[in-house]
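1. Structural data only, the sequence is not supplied:
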């Protein structure tokens, strides 16, 4: 069994679907952070069978929780202080996401105006469907 050292202060992203930690690493820009980041892939889990875990030393404001909620709102965020979990945050699908996905409609204003933010609004929470704010192009998260 592989043991990864405990985290004294920071946060742990737990219950990540197995194989998704590198996608999350990329989306959150963890490579740009100047702190310790540990990725654990395919850890044993009674609840999920296998799961990924990301441990990050530092403050929770280092990451965008909306991005995390968009990727997988079932991820648990454990806040660690002095080696103990002091809080757990449940994520939700964000009502609006900005510059996380791009509109694929070639006639959308965001295709012409490159500096314009790509803004998507949650249209159907039960199906995780977002629509472009400008052209209403549908985007479904798989």
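-> Now that the structure is in, tell me what you want to look at. Here the structure is a predicted model, which means the values were calculated and not measured.
2. CA only for contacts and neighbour counts going forward, please
-> OK.
3. Report the central residue of this structure.
-> residue 68 (1.9 Å; CA atoms, centre = their mean).
4. Is it in a helix, a strand, or coil?
-> helix (DSSP: H, G, I helix; E, B strand; the rest coil).
5. Tell me the spacing between the residue lying closest to residue 81 once chain neighbours are set aside and residue 21.
-> Counting by CA to CA, 6 or more residues apart in numbering, residue 9 is the residue found nearest to residue 81 once chain neighbours are left out, at 4.6 Å. In this view, residue 9 and residue 21 are 21 Å apart by CA to CA, to the nearest Å.
6. Compare these two (neighbour count), which wins?
-> residue 21 (20 against 17; other CA atoms under 10 Å).
7. what's near enough to touch the more buried one?
-> Contact analysis of residue 21 by CA atoms under 8 Å, 6 or more residues apart in numbering lists 39-41, 52-54.
8. Just the buried residues from those, in PyMOL please.
-> Provided next is the PyMOL selection string for whichever of those are buried by 16 or more other CA atoms under 10 Å:
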select buried, resi 40+41+52+53+54
